[in-house]
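Q: Got a sequence here, can you model it:
(chains A, B, C and D)
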Amino acid sequence: MIRRFWVYIEQEDGKIHPVAWELLGVARRLATEIQDELEQTGDQACVEGVLIGENVEGLAAEVFQYGADRVYVADAPVFKHYLNNIYTTALVSMAQKHQPEVLLIGATTLGRDLAGSVATTLRTGLTADCTQLQMGVGRDSTRKLLLMTRPAFGGNVIATIICKNHLPQMATVRPRVFPAALPEPGRKGEIIRETISIAEEAINAQILAFIPNDSSGVKIEYADVIVAGGRGVGGSAGFALLKELADELGGVVGASRPCVDAGWISYDHQVGQTGKTVRPKLYIAAGISGAIQHKVGMQDADFVLAINRDAHAPIFETATAGIVGDLFEVVPNMIQQIRVLKEADND
Amino acid sequence: MFHALVSIKQVPDTTNIRIDPETGNLIRQGVPTILNPYDAHAVASAVEWKRKLGGKVTVISMGPPAAVSSIRECIEMGADRGILLSARQFSGADTLATSYVLASTIEAVHAEDPIDLVFFGKQAIDGDTAQVGPGVASRLNMPMVTYAIAIREVNTDERYAVIERKTETRNESIKASLPAALTCEKDIAEIPFASLPDLIASLRYEPEVWTAESPIAFDPAQIGLKGSPTTVFKTGTPEKHVAGEVVKTVDVGVETAVKMVLDRLAMMADGNTILGMVRQ
Amino acid sequence: MSTKSDEVVGTQGKEDLPEVYVDDLLMSIKYFTDENEVHLQLIDPETCVACDKPCVSFCPVGAYQVQEDGHVTIAFQSCIECGSCRVMCPHNNIEWKYPRGGFGVSYKFG
Amino acid sequence: MTSKQTQNGKIQFDVIVVGAGLAGSAAAAVTAQGGLSVALIERGQAPGAKNSFGGALYTHSLEEIYPDFWDRKPPLERPVTEAGFWFLSKDGLVNMTVRGGALGRQPADAYVALRAKFDLWWAEQAAQSGAFIIPKTTVTDFIRDSSGKIVGVDTDRAQGRIYAPVVIVCEGVNNLLTLKAGLSKSDLKPKAVALGVKQLIALPADTINARFGLPDNSHGLAVTVAGDVSMGLTGMGFVYTGNDCVSIGLGVTLEELAKAKIRPYALLQRYLNHPAIAPLVAGGRLMEYGAHLIPEGGWNDMPKLYTDGVMVAGDAATMVNALHWEGTNMAIIAGKEAAETAIKAHRRQDFSGKSLSEYRERLSKRFILKDLRQYRNLSRFLENHPTFMDVYPNFLNDALGMFFTGYGKTKKDLYGDIVRSLTRRRPLIKVVGDMLAFGKAVMGI
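A: Predicted structure coming up:
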């Protein structure tokens, strides 16, 4: 028997969302976590991708490099653009046919939209926004289950959820929660073409137009440097100062929720439980007290520099380095020192 | 006549939840429950279209008896009818069981008084899952437009609506056949400041309370804990990170403090300068 | 019966008060912020430029801040509606009203 | 709800009460019990949302509104079983509190409370009596008929007029409506209001018991803290123990605070850092910070309490006795007396000022006007005698400190030192003058 670990390979206009690489890394690890069971039963574990779209078969090669053993491809003009019920129909019928044990979907706007519909149609459970995934023995269970850990109550609690009697065990994972799998050039796999018939009358919605929006410029989830501000920044003017530092570092500006709520900066910049999860190399938290809701969004940054006037601010517990001081003195000084360093670098 | 149904949830105000650092337990004391903010915007949008087209807005919510206050808030905003699904058997429901109850309820309301649009908030702030809306729409076989930021057109005669939704990269204008479902961002409509007569009407409003047996006899195997494939295996508190080195500007001065962290950062990046690290 | 305060010997002279980051105090307060209406405004912003701006210190939530050019800004979102500025502004320069019904500070404990 | 409430599309009640605080909900409850229809209008999300105090409530006033008060399971914190004064010097504390005796009575005479919780419950009791609570609505002005007589109120909502022949204004310290009704000639004076700031700090009940020397959770402490709290400004601190929280704060005269350019939260933090205070709250978590004005003008600044169609009660009517931290009880009783007057006025169908003057007569028979009159010179006295904020608390600390360390010293020298520690601060003759003046101010002579 094959125990299948599925990853939905999200693509739009022929571009694969990087969360797919992160999920493939997770799926591979999960498959190795049941090695002991496989040895006992003689079963086999496979990491498999699911690609839905038009002219997407060519993308499979890259999916193999990131660790998929097999890719199921539903390639047809009807899948040109994502539409909830058409993609749901496709993914559901493939899952019903191949019976994956685990199905992982990125918690992107598209992924969340799809996952809820697919899980309900398959009448199975779904755990959203998982921050840890592990194969382990649940209570009263003979076979290892997917242990899905997610924050609850605004990140104040973490809960581990299991889905014992229903398959697939479905989880969504936010981008940047897990590191991406390392690609293995030249790695090959098997393409399985799926024919999905979509009845004309089942198409109950159509895309009339695409409209560029203002958020397309900000992509803080994938930024290497984020200079984020909290209440201590005091207003839009303070964010201009942070922007200056971010520009100097080639980074982007982030914000904690109160600043977004107060209208100092747009939601696209929000880091935290209700905002984005980020994993930059450098995260500068200026005037952010560090409420748990914020921490869950940035705690995986490689280097966290906290700047806060209050030495007791919880952000210092998460910080790699901290400066207790007025950000309006510290940040301008930092900009200046970096400029000096840069000049020295250029010489 | 236009009929909108809005599915709402009363949630603990998560901006107010704190954790006891000693025991790791949730501090529930003083945490108010509120109408899920996204749902409020969904209601506002439904009411706006009702006022434009004529018709009515029905609000449903699954929750404890105290959720009446959230339903009243919707009536205050201009909703006409409120149904509270409240029964012990509903408790412990995950998204699958919740979507069953909501979908069955919507079907029942629809049978009595056909629905054009089903509104949801984009997500509940207590769970942030954003899964119930799509789940319900799938069960009802309705087109689902998530992350809606504007409703451009509702044509009840030709049976379609044009809804603009926001994705990560762009906005999409979607034409969906009616009845359709949508989950709403806050942009969809501003919360109105109710007139005094509307407010007073809401204060006096008593929503219908539907139980697990009546008027719909729900399948006991599909509701509450029983109908939920997922269960909580264990709970814990998030790991604490080890705090790094902290310098105070009052002790060393701003200049030195900044220099110290920049040096530290340079060390982290394998002897490269901060600029080198950042340029990687 | 009046006694002048300069006769007091016990006053401890000038001392540095502890630095308090008022935003951290405000984190404990629940607000319903009215995004559509501002309830606190300066009547004439120019009046503040010449004033010695006691509001900046006495406001218990630090809502009043001085800009570099000497103008005063009000972070009305932080206001807890105590009325100190209404009573104390030396120039009666604040248009002070309550936020619209339901908005503003909402004490959880009080 | 009676049919009266919407006549020809007009929202009409017998009585309107503005503000669901302690005074307002008491007034609404008594009015409703008297068989009248009453609208209780509150601008907060819910009653209590805008209210904050030290503080403790006084049983006599609560029981006066509801004889079955205790059967209603009020959400109170600890009973006050120990009360008194702490006098702080720079680094010391003289404790003068009383427990047992009268403080051991059951139920206690005072209970610590959290206003957001209590006021919500207090308003719910009024609703149970039949009052109609309209929350989330700010009263902006009065409606007057063609003759200028007040016949209702206008609110900030569309179609927001509410009519009633009597309006009881319980709007709190910011007396906007009292001014609009013409009851106050001038706005609050900065020297006659105190700014109160406090932190509510969470601590486990056992820790509170241990730190404050309370035998168990059914004992509580309420103290007035004088001395090194206000940096010489006219003001006092307080400490109250809740079930699992400590309320700690201070009130100082707004005008002095503004002149001294002291940030109130920094002053509060300084107080919290005091060596005698810090250990009491160490390790606690800030539950809530709050600030509120306290009208301390008392008798001298009191508005006229009634006019045609309007009565005013509570903070809006400066019903506060600053020295005794009394105010909540005055508000409640005044609310009740205003309601009784409104009921009588309805019986007489006479809502003129003359008819409503009964309200003032009722108050003059109670402790409210008597006490306020007696203490009328106190605030001016304290303003002119900053020594009470500084010299005497420090002296007390020095004196007792010397008394309990002067071992091996001749007691004559010891007493001499003690006296000198006072006279160094203030000549003896002035001390005598201060004491006499204090007595006069309190006695109201």
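
Q: And for the residue nearest to the spatial centre of chain A, nearest residue in space, chain neighbours not counted?
A: The centroid of chain A falls nearest to residue A:175 when counting by C-alpha atoms, centre = their mean (1.2 Å). Using C-beta to C-beta, 6 or more residues apart in numbering or on different chains and skipping residues adjacent in sequence, the residue nearest residue A:175 is residue A:19, 4.3 Å away. In short, each C-beta sits where N, CA and C put it, glycine included.

Q: where does the one you found land on pLDDT?
A: Confidence at residue A:19, expressed as pLDDT, is 94.

Q: Who are the contact partners of it?
A: Applying C-beta atoms under 8 Å, 6 or more residues apart in numbering or on different chains to residue A:19 gives the contacts A:10, A:106-108, A:111, A:173-176.

Q: Over to it: give its phi and psi.
A: phi -60, psi -30 (degrees, to the nearest 10).

Q: quick one, strands of the stretch 101-250 of chain D?
A: D:110-112, D:132-134, D:139-144, D:150-155, D:162-163, D:166-169, D:193-202, D:221-227, D:235-241, D:245-253 (DSSP state E, counting those that start in this stretch).

Q: same deal with the stretch 301-445 of chain D?
A: D:306-307, D:310-312.

Q: Now render those as JSON lines, adding mean pLDDT and mean neighbour count.
A: JSON lines is the format used below for the strands of the stretch 301-445 of chain D (pLDDT from 0 to 100; neighbours: other C-beta atoms under 10 Å in any protein chain shown):
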{"stretch": "strand D:306-307", "mean pLDDT": "96", "mean neighbour count": "22"}
{"stretch": "strand D:310-312", "mean pLDDT": "98", "mean neighbour count": "30"}
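
Q: Next, residue D:219: phi, psi?
A: Dihedral angles (degrees, to the nearest 10) for residue D:219: phi -120, psi 140.

Q: quick one: the residue in the stretch 201-350 of chain D that chain C sits nearest to from chain B, how far?
A: Distances between the stretch 201-350 of chain D and chain C by C-beta to the nearest C-beta are smallest at residue D:291, namely 3.5 Å. Counting by C-beta to the nearest C-beta, to the nearest Å, the gap between residue D:291 and chain B amounts to 18 Å.

Q: Now that residue: closest residue in space, sequence neighbours ignored.
A: Nearest non-adjacent residue to residue D:291 (C-beta to C-beta, 6+ apart): residue C:60, at 3.5 Å.

Q: what's the answer for residue D:441, then?
A: In space, and not counting its chain neighbours, residue D:441 is closest to residue D:381: 3.7 Å by C-beta to C-beta, 6+ apart.

Q: Next: residue D:273.
A: residue C:18 (5.8 Å).

Q: That neighbour should be in a helix, yeah?
A: No: assessed by DSSP: H, G, I helix; E, B strand; the rest coil, residue C:18 does not belong to a helix; its assignment is coil.

Q: immediately after the helix or strand bottoming out on mean pLDDT in chain C, which helix or strand?
A: Here the helix or strand of chain C ranked lowest by mean pLDDT, DSSP states H and E is helix C:22-26, holding a mean of 81. Note on helix C:22-26: by DSSP states H and E, the next helix or strand toward the C-terminus is strand C:31-32.

Q: on that earlier part again, the residue nearest to the centre of chain A in helix, strand or coil?
A: Under three-state DSSP, the three-state class of residue A:175 is coil.

Q: quick one: pLDDT of it?
A: Reading off the model, residue A:175 has pLDDT 86.

Q: so who does it touch?
A: Remark: with contacts taken as C-beta under 8 Å, 6+ apart, residue A:175 is in contact with A:17-19, A:22, A:106-108, A:221-222, A:277.

Q: Neighbour-wise, which one of those residues leads?
A: residue A:19 (28 neighbours; other C-beta atoms under 10 Å in any protein chain shown).

Q: how close does residue A:165 get to residue A:125?
A: With distances taken as C-beta to C-beta, to the nearest Å, residue A:165 is found 9 Å from residue A:125.

Q: Compare the two (neighbour count), which wins?
A: It is residue A:125, of residue A:165 and residue A:125, that has more neighbours when counted by other C-beta under 10 Å, with 27 against 10.

Q: Can you give the contact residues for stretch B:107-115?
A: B:3-5, B:56, B:58, B:60, B:83, B:106, B:140, B:179, B:215-216.

Q: How about stretch A:183-203?
A: Residues outside stretch A:183-203 that contact it (C-beta under 8 Å, 6+ apart): A:21, A:57, A:60, A:62-76, A:78, A:83, A:85-86, A:89-90, A:93-94, A:97.

Q: and chain D, which of those residues reach it?
A: Among the contacts of stretch A:183-203, no residue lies close to chain D (C-beta under 8 Å from any C-beta of the partner chain).

Q: Buried among those? Need that as a selection in PyMOL.
A: Selection of buried members from these for PyMOL, criterion 16 or more other C-beta atoms under 10 Å in any protein chain shown:
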select buried, chain A and resi 21+60+62+63+64+65+66+67+68+69+70+71+72+73+74+75+76+78+83+85+86+89+90+93+94
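
Q: Quick check: which ranges of chain B have low pLDDT?
A: B:14-30, B:240-242, B:267-280 (pLDDT under 70).

Q: Now do the buried residues in stretch D:144-157.
A: Within stretch D:144-157, the residues scored as buried using 16+ other C-beta under 10 Å are D:149-153, D:155-157.

Q: Of the strands of the stretch 301-445 of chain D, which is nearest residue B:232?
A: strand D:310-312 (54.7 Å; C-beta to C-beta).

Q: now for that closest one, which elements pack on it?
A: Packing partners of strand D:310-312 (3 or more C-beta pairs under 8 Å, 6 or more residues apart in numbering or on different chains; DSSP states H and E): strand D:166-169, helix D:328-348.

Q: what's the closest of the ones you listed to residue D:60?
A: So among the helices and strands packed on strand D:310-312, helix D:328-348 is nearest, using C-beta to C-beta, at 6.7 Å.

Q: Three-state assignment for the nearest residue to residue D:130 once chain neighbours are set aside, please.
A: Take residue D:130 and drop its neighbours on the chain: the residue closest to it by C-beta to C-beta, 6+ apart is residue D:32, 3.6 Å away. Here residue D:32 is helix, with the state taken from three-state DSSP.

Q: Kindly report the same for residue B:148.
A: strand.

Q: Tell me the bridge partners for the residue lying closest to it once chain neighbours are set aside.
A: Nearest in space to residue B:148, with sequence neighbours left out and distances taken as C-beta to C-beta, 6+ apart, is residue B:182 at 4.3 Å. Note on residue B:182: beta-bridge partners residue B:119, residue B:145, judged by DSSP bridges.

Q: what's the answer for residue A:73, then?
A: Here residue A:73, judged by DSSP bridges, has bridge partners residue A:51, residue A:193.

Q: ok, it touching residue A:55?
A: No: Residue A:73 is beyond contact range of residue A:55, at 10.4 Å (criterion: C-beta atoms under 8 Å).

Q: now the helices for chain A?
A: For chain A, the helices defined by DSSP state H occupy A:19-33, A:35-41, A:60-65, A:84-98, A:109-122, A:236-249, A:257-261, A:292-298, A:315-318, A:327-346.

Q: Can you give me the buried ones in the longest one?
A: By neighbour count, with 16+ other C-beta under 10 Å as the criterion, the buried positions of helix A:327-346 are A:327-331, A:333-335, A:337-338, A:341.

Q: again, but for stretch D:159-167
A: D:160-167.

Q: is that stretch anywhere near chain B?
A: Yes: for stretch D:159-167 and chain B, the contact criterion (C-beta under 8 Å from any C-beta) is met by D:159-162.

Q: What is the nearest of those to chain C?
A: residue D:160 (9.0 Å).

Q: and the residue nearest to residue B:148, how many neighbours does it have?
A: Neighbour count of residue B:182, defined by other C-beta under 10 Å: 29.
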